[in-house]
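Asker: With the sequence up front, the predicted model follows.
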Amino acid sequence: MKGMTISDRIFEKLKERNMSQKRFSEETGISQSTISEWKSKRTNPTSEKIMS
């Protein structure tokens, strides 16, 4: 896990749980566009997003 970004770890967990980005969005209230930005490495989640 060393060298992984927060977004890398989130997507690794989604894959382990066989959870789609859409479902993750619905369950967390985080927009799909924000999650897509994390996936494309344009941004990383803020601490506020992670804590919620």
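Answerer: Arrived safely.

Asker: can we go C-alpha only for contacts and neighbour counts from here?
Answerer: Noted.

Asker: so Ser43 makes contact with Glu37?
Answerer: For residue 43 the amino acid is Thr, not Ser. Yes - if you go by C-alpha atoms under 8 Å, Thr43 and Glu37 touch, sitting 5.8 Å apart.

Asker: Give the next helix or strand downstream of the biggest helix by length in the chain.
Answerer: Of all the elements of type helix in the chain, the one with the most residues (DSSP state H) is helix 6-16. Going down the chain from helix 6-16, the next helix or strand is helix 21-28, by DSSP states H and E.

Asker: Residue ranges in this protein under the pLDDT threshold?
Answerer: Where the chain drops to pLDDT under 70, the residues are 1-2, 52.

Asker: follow-up on the earlier one: packing partners for the longest helix of the chain?
Answerer: Using 3 or more C-alpha pairs under 8 Å, 6 or more residues apart in numbering; DSSP states H and E as the contact criterion, the elements in contact with helix 6-16 are helix 32-39.

Asker: List the buried residues of the helix it packs on.
Answerer: By 16 or more other C-alpha atoms under 10 Å, the buried positions in helix 32-39 come out as 35, 38-39.

Asker: CSV please, covering the residues you listed and showing distance to Asn18.
Answerer: Shown next, in CSV, are these (distance: C-alpha to C-alpha, whole Å):
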residue, distance to Asn18
Ile35, 16
Trp38, 18
Lys39, 16
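
Asker: so which of the residues you listed comes closest to Ser7?
Answerer: Using C-alpha to C-alpha, Trp38 is the member of the buried residues of helix 32-39 that sits closest to Ser7, with 5.8 Å.

Asker: residues in contact with the closest one?
Answerer: Residues near Trp38 by C-alpha atoms under 8 Å, 6 or more residues apart in numbering: 7, 44-45.

Asker: Name the residue closest to the centre of the chain, please.
Answerer: Ile10 (4.5 Å; C-alpha atoms, centre = their mean).

Asker: number of nearby residues for Gln21?
Answerer: Burial of Gln21 is recorded as 19 neighbouring residues (other C-alpha atoms under 10 Å).
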